[in-house]
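A.B. asks: Okay, here's the prediction I keep looking at, along with the sequence it came from:
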Amino acid sequence: MVRVILCCVTICSMAIFTNISTAAVGQFEGQGDVGDACDIGIPGSASFDAAKNEYRITASGYNMWFNKDAFYFLYNKLDGDLVMVADINFVGKGKVPHRKAGWIVRQTLDKDSAFIGAIVHGDGLIALQWRPVKGGEMSDDLEILRTVKGFATIKLERHADNYTLSVAPDGKTFQIVGSVTMKLTDPVYAGLVVCSHDVNTAETAVFTNVKLEKQGVVNMKGRVLESTLETISVENGERKIVYRARQRFEAPNWTPDGKTLVFNSNGLIYTIPVEGGIPQLLDTGEAKKCNNDHGLSPDGKLLAVSSGHTDGRSRIYVLPITGGAARLVTPKAPSYWHGWSPDGKTLAYCAERNNEFDIYTIPVEGGEETRLTNTPGKDDGSDYTSDGKYIFFNSDRTGLMKIWRMNADGSDQQQITSDKDYADWFAHSSPDGKWLVFVSYDKSVKDHPENQDVVLRILPLSGGKPKILTNLFGGQGTINVPSWSPDSKHVAFVSYQLLPPK
């Protein structure tokens, strides 16, 4: 019995569908089933209605997961940057909740090819899915946007090695779902896919308003940075775009009334309504070279900024949130603000003294600074808990940058995160004291540079392990400072893309 099963498996693995065709379907130059014959089951088909600009694909296929795939593919062989948009709708209730339809970019037509896809599932789940290397295991982003049922407009962008999935539940306003960097060598196969998630069942998906924009090969030196100010729900991971522009801006704070976000750009401080709009310049007096270490007092009346306007070395200043003259708090430099005690009396910050970066505190009115850490290594990102009892910070004293916690006086320093895959930075506890959010780089990344694949992670302070809130292209400037909404339901952050010049 065992021998028969093994024999069947061997035969199946060798039987590959060969009905890949160069017969064009609409704007796509090729079509066909990809995968082993026994994983396809029912041969697929595709049609195009030019009057409706509508593609209809019917396919079976065991799955697009693990280390091999089985699906039907409409594709073009392309180079360079791509923007792919379509309205996607399944026909009927379907048999398997995780039947799949969407856009993919694939290295080859092999069943185990490296690929990345923007996939709509039959149950309303929408996610990025990717296999980074040929024959490797699949990865995906969080299972989010389950509120989208039966219909969705999705957009998959390829800019250099970065891929971004956006979704418009209303068919008009796109919101970013996630972003991943993955190396695929030109040319690639890009197009529409359907997989029934069941060898013995064929499912149909309809694609309308299909747009495949070829932006060409763009040299990295010619790319333009686009920044996107976003908020994310800690309950379901849904992201909402507040503002985006082709310039660098960083590090949003949320005002205590929940109505406004504060961020820095080109040395200046700006405010913008949470609902979106046009950023307004905030008068910071002589402090015109502000970096991304800034934040509001608990009562929302004052703003702390870190500015190098005197000699290029960062010092901490305080000014009215309505704007005005900036008052110096830390004469010593460099000093970088990171936290404000809940009683409004003390600032916590990172400072370099005698070639060592440590955590310090100082009265808001100025005076002598107090050193809280003195262990060799870099300590940064200090922020108070909402009850004022503790300060969270990040430290590489054990070799890999991790999140630590200490009493507000610097005593009882304890490591909080310990997993070996990430380097963790800039932890901020929620106003209700339930969550800790922080940004994590791959463990191989040194310091906290810009333009990197990072994840926002969230840790329940009642106990448990960190979980990924979202994948994004960011790093320096994403979440350097406290950015929780006052109700502890959302976090503000900045993501980035490197786009072709218009």
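C.D. replies: Thanks, I have it.
A.B. asks: could you say what helices and strands the strand or helix carrying V455 packs with?
C.D. replies: Take DSSP states H and E as the rule and V455 turns out to sit in strand 452-460. When contacts are defined as 3 or more CB pairs under 8 Å, 6 or more residues apart in numbering; DSSP states H and E, strand 452-460 sits against strand 175-181, strand 422-429, strand 435-442, strand 467-474. Every C-beta, even on glycine, is put in place using the N, C-alpha and C of the backbone.
A.B. asks: Identify the residues contacting the host helix or strand of A251?
C.D. replies: Using DSSP H and E, A251 maps to strand 250-254. Applying CB atoms under 8 Å, 6 or more residues apart in numbering, the contact partners of strand 250-254 are 227, 229, 260-265, 274, 292-296, 476-486, 492-494.
A.B. asks: List the buried residues for that strand?
C.D. replies: For strand 250-254, burial by neighbour count (16 or more other CB atoms under 10 Å) applies to E250, A251, P252, N253, W254.
A.B. asks: For those, give me TSV that also has distance to D358 and pLDDT.
C.D. replies: Shown next, in TSV, are the buried residues of strand 250-254 (distance: CB to CB, whole Å; pLDDT from 0 to 100):
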residue	distance to D358	pLDDT
E250	23	98
A251	21	98
P252	26	98
N253	24	98
W254	28	98
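A.B. asks: are any of the contacts of strand 250-254 buried, and which?
C.D. replies: 227, 229, 260-265, 274, 292-296, 476-486, 492-494.
A.B. asks: Sort out for me which of these are in strands.
C.D. replies: The strands, defined by DSSP state E, take in 227, 229, 260-265, 295-296, 492-494 from the buried ones among the contacts of strand 250-254.
A.B. asks: quick one: which of these is nearest to K378?
C.D. replies: G295 (20.6 Å; CB to CB).
A.B. asks: List the residues that contact that closest one.
C.D. replies: Per CB under 8 Å, 6+ apart, neighbours of G295: N253, V262, L303, A304, W337, H338, G339, W340, V481, P482.
A.B. asks: Dig out what the closest residue to E368 other than its chain neighbours forms beta bridges with.
C.D. replies: Nearest residue to E368, sequence neighbours excluded (CB to CB, 6 or more residues apart in numbering): I362, at 7.4 Å. When bridges are called by DSSP bridges, I362 pairs up with L347.
A.B. asks: contacting residues for I241?
C.D. replies: Counting by CB under 8 Å, 6+ apart, I241 has contacts F174, Q175, I176, T228, L229, E230, G276.
A.B. asks: Could you save the residues you listed as TSV and add columns showing pLDDT?
C.D. replies: Shown next, in TSV, are those (pLDDT from 0 to 100):
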residue	pLDDT
F174	92
Q175	92
I176	93
T228	98
L229	98
E230	98
G276	97
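A.B. asks: hmm, back to that, and the strand holding A251, C-alpha only, in CSV?
C.D. replies: The C-alpha trace of strand 250-254 is given here as CSV (Å, rounded to 0.1, in the frame of the first residue of the first chain):
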residue,chain,number,x,y,z
GLU,A,250,8.8,61.8,9.5
ALA,A,251,7.6,60.8,13.0
PRO,A,252,4.0,61.7,13.7
ASN,A,253,2.7,62.6,17.1
TRP,A,254,-1.0,62.6,18.0
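A.B. asks: Look up how far F90 lies from S196.
C.D. replies: Going from S196 to F90 by CB to CB, to the nearest Å gives 10 Å.
A.B. asks: Next: R327.
C.D. replies: Counting by CB to CB, the gap from R327 to F90 is 61 Å.
A.B. asks: try Y243
C.D. replies: 34 Å.
A.B. asks: before we move on, what about P500?
C.D. replies: From P500 over to F90 (counting by CB to CB), the distance is 33 Å.
A.B. asks: Which pLDDT value belongs to the closest residue to V329 other than its chain neighbours?
C.D. replies: Leaving aside its chain neighbours, V329 sits nearest to I316 (4.7 Å; criterion: CB to CB, 6+ apart). Each residue has a pLDDT score; the one for I316 is 98.
A.B. asks: which of the residues in the helix or strand containing I316 are buried?
C.D. replies: Using DSSP H and E, I316 sits within strand 315-320. In terms of neighbour count (16+ other CB under 10 Å), strand 315-320 has its buried residues at R315, I316, Y317, V318, L319.
A.B. asks: Surely the last one is in contact with S297?
C.D. replies: No - using CB atoms under 8 Å, L319 makes no contact with S297, being 10.7 Å away.
A.B. asks: Are there residues contacting both of the two? Which ones?
C.D. replies: L303.
A.B. asks: Doesn't K221 belong to a helix?
C.D. replies: Yes - assessed by DSSP: H, G, I helix; E, B strand; the rest coil, K221 belongs to a helix.
A.B. asks: how much space is there between it and A160?
C.D. replies: K221 is 11 Å from A160, by CB to CB.
A.B. asks: So those two - more neighbours on which side?
C.D. replies: Higher neighbour count among K221 and A160: A160, with 18 against 5, using other CB atoms under 10 Å.
A.B. asks: What's the per-residue pLDDT of that one here?
C.D. replies: Reported pLDDT for A160: 96.
A.B. asks: what's near enough to touch it?
C.D. replies: So A160 contacts D81, V218, M220, R223, L498 (CB under 8 Å, 6+ apart).
A.B. asks: what does Y75 give?
C.D. replies: F28, E29, G30, Q31, R106, L109, Y189, A190, G191, L192.
A.B. asks: And S233, by the same measure?
C.D. replies: Contacts of S233 by CB under 8 Å, 6+ apart are R239, K489, H490.
A.B. asks: Would you mind checking the residues you listed for buried ones?
C.D. replies: R239, K489, H490.
A.B. asks: Report the beta-bridge partners for the first one.
C.D. replies: It refers to R239. The partner residues for R239, given DSSP bridges, come to I232.
A.B. asks: Could you measure from it over to H490?
C.D. replies: 10 Å.
A.B. asks: Need the residues touching each of those two.
C.D. replies: T231, I232, S233.
A.B. asks: could those be laid out in CSV, adding pLDDT?
C.D. replies: What follows is the shared contacts of R239 and H490, written out as CSV (pLDDT from 0 to 100):
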residue, pLDDT
T231, 98
I232, 97
S233, 95
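A.B. asks: Distance to L74 for those - can I get that in a markdown table?
C.D. replies: Shown next, in a markdown table, are those (distance: CB to CB, whole Å):
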| residue | distance to L74 |
| --- | --- |
| T231 | 36 |
| I232 | 33 |
| S233 | 34 |
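A.B. asks: That concludes my questions; thank you for your assistance.
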